[in-house]
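Enquirer: this one's structure only:
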């Protein structure tokens, strides 16, 4: 089948529908199937098919995936996530990552940790961690070390601040270079932010009003055009109360 | 023919959700998963799929249990449950309005299958295909075969569900007196009806994808 470029939504696919191009004839190098595509071994119709509803995308030269939107996180190796400690035992911690199964974090998987000197996390603590093991049959495993340098590399405990959940595509967009909403906010207020690809975002700033405004602006940016983001951020910031953390509201 | 409308992603706390309206029948469906499973329901090689049907009024009873069973049998084969072993996928159908009993369930079953399929796609649950269902009736007086508007005027009713890739029959619940020719006529009418339903589903997904791509516009 030839790619039909006259139909504007030719690349929009529902699960099981034939792809607009025959990918097996595409490239000489091995074909890489990304998220959303699977190889069907159905004898009557062996083919590469979508298993999610979305748009077929091509990362040149030979990588294809389905760009789809969902809220539930499924762990994959190498991804950076925000996890919350739900249990402690001798060797490490059990954490909630938002997936079906809880994740494991070794107690020594931190920069400069030794048996005598290890970080103490409490139940409820938040960490920014990296997924080291993820497959469908095992519990996922995390670490708080950048594997290339052996240093923390930004991973580790997230102290204080506020955490909230959004959809996975919004998180992925916030991790692209120059996301409009974060740039617009950064121009006007000071805050720290950590984005996990598991749909969780952590924000910390000097006062509660700013934190709430940042959260609200990020949430509202999901379905806005780039040109509308600046105005929305101004509105949200104009509406915020100015209370420093610890002060009573007058 | 009553208009059919569908929407997605209206419930903020559910992983996926949808509505499906056809005539007086309106359903809301939510999907959660893959999530933590109760130990007794755990399966080592695949996800456990659960369907729950809640009536518009009153507590669920045997009628809802029967609908749940039929829905599960139609939906299970298309979900790629082997990708998420030891997890739970929960599909909940809330009936908002339906034609009065006893045969309003004909419309509810068809709409329920369609709503569940939309909600599963909205939740990003991996599926090998999609399914569409219609309710077909053979008219009491004329013997005409068509998508049912008024259940009471039908001598037999058939809820027929086709899978959309290979056009295979997935579910057929027939009630009433009918001949062989009438039955095959109903299957034919259902094949066409399911194509229309499938187009509606594609429209609904197109709306979802467009909404999610607004940020790309300048």
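Expert: Nice, thanks for sending it over. All figures in this text were calculated on a predicted structure; none of them were measured in a lab. Numbers count the residues shown, from 1 in each chain, chains lettered A, B, ... in the order given.
Enquirer: find the least confident helix or strand in chain B, judged by mean pLDDT.
Expert: In chain B, no helix or strand scores lower on mean pLDDT, DSSP states H and E than strand B:145-147, which sits at a mean of 80.
Enquirer: tell me which residues in the next helix or strand after it are buried?
Expert: Downstream of strand B:145-147, the first helix or strand assigned by DSSP states H and E is strand B:154-163. The neighbour-count check on strand B:154-163 (16 or more other Cβ atoms under 10 Å in any protein chain shown) flags B:154, B:156-163 as buried. To be clear about C-beta, it is placed using only N, CA and C from the backbone, and glycine gets the same treatment.
Enquirer: coming back round to it: quick one: list the elements packing against the least confident helix or strand of chain B.
Expert: Other helices and strands packing on strand B:145-147, by 3 or more Cβ pairs under 8 Å, 6 or more residues apart in numbering or on different chains; DSSP states H and E, are strand B:131-139, helix B:180-212.
Enquirer: strand partners of it, parallel vs antiparallel please.
Expert: strand B:131-139 (antiparallel) (DSSP bridges).
Enquirer: in chain A, where is pLDDT below threshold?
Expert: A:1-10, A:24-28, A:241-250 (pLDDT under 70).
Enquirer: my bad, should have said chain B
Expert: In chain B (pLDDT under 70), the answer is B:1, B:101-104.
Enquirer: residue closest to the middle of chain A?
Expert: residue A:197 (1.0 Å; Cα atoms, centre = their mean).
Enquirer: residue A:175 is in contact with that one, correct?
Expert: Yes: using Cβ atoms under 8 Å, residue A:197 is in contact with residue A:175, at 7.0 Å.
Enquirer: ok, now which ones touch the closest residue to chain A within chain B?
Expert: Nearest residue of chain B to chain A (Cβ to the nearest Cβ) works out as residue B:124 at 2.8 Å. Shown in contact with residue B:124 (Cβ atoms under 8 Å, 6 or more residues apart in numbering or on different chains): A:52, A:68-72, B:15-16.
Enquirer: which residue is the nearest non-sequential neighbour of it?
Expert: In this structure, residue B:124 finds its nearest non-sequential neighbour in residue A:70, 2.8 Å apart by Cβ to Cβ, 6 or more residues apart in numbering or on different chains.
Enquirer: that neighbour reaches residue B:14, doesn't it?
Expert: No: contact criterion Cβ under 8 Å: residue A:70 and residue B:14 do not qualify, at 11.3 Å.
Enquirer: now do the shared contacts for the two.
Expert: Here residue A:70 and residue B:14 share the contacting residues residue B:123, scored by Cβ under 8 Å, 6+ apart.
Enquirer: got phi/psi on residue B:74?
Expert: phi -80, psi -40 (degrees, to the nearest 10).
Enquirer: ok, residues contacting the strand ranked longest in chain A?
Expert: Identified as the longest strand of chain A according to DSSP state E is strand A:80-89. Here strand A:80-89 makes contact (Cβ under 8 Å, 6+ apart) with A:73, A:75, A:93-98, A:102-103, A:105, A:121-131, A:142, A:155, A:158, A:163, A:194-198, A:200-202.
Enquirer: among those, which lie within strands?
Expert: Using DSSP E, A:93-96, A:103, A:105, A:126-131, A:142, A:158, A:163, A:194-195, A:200-202 are the members of these that sit in strands.
Enquirer: from the chain's centre, how far out does the least confident helix or strand of chain B sit?
Expert: Between the centre of strand B:145-147 and the centre of its chain there are 19 Å (Cα atoms, centre = their mean, to the nearest Å).
Enquirer: which parts of that strand are buried?
Expert: B:145, B:147.
Enquirer: contacts made by that strand with the rest, please.
Expert: Outside of strand B:145-147, the residues within contact range by Cβ under 8 Å, 6+ apart are B:1, B:134-139, B:182, B:185-186, B:189, B:193.
Enquirer: which among those end up buried?
Expert: The neighbour count (16+ other Cβ under 10 Å) marks B:134-138, B:182, B:185-186, B:189, B:193 as buried among the contacts of strand B:145-147.
Enquirer: how about these in CSV, adding distance to residue A:88?
Expert: Output for those, formatted as CSV (distance: Cβ to Cβ, whole Å):
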residue, distance to residue A:88
B:134, 55
B:135, 55
B:136, 59
B:137, 62
B:138, 66
B:182, 67
B:185, 66
B:186, 62
B:189, 62
B:193, 57
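Enquirer: name the residue of chain A that lies nearest to chain B.
Expert: For chain A, Cβ to the nearest Cβ, closest residue to chain B: residue A:70, 2.8 Å.
Enquirer: look at that residue and give its secondary structure.
Expert: Following DSSP: H, G, I helix; E, B strand; the rest coil, residue A:70 is assigned to coil.
Enquirer: could you report the neighbour count for it?
Expert: Residue A:70 has 21 neighbours, counted by other Cβ atoms under 10 Å in any protein chain shown.
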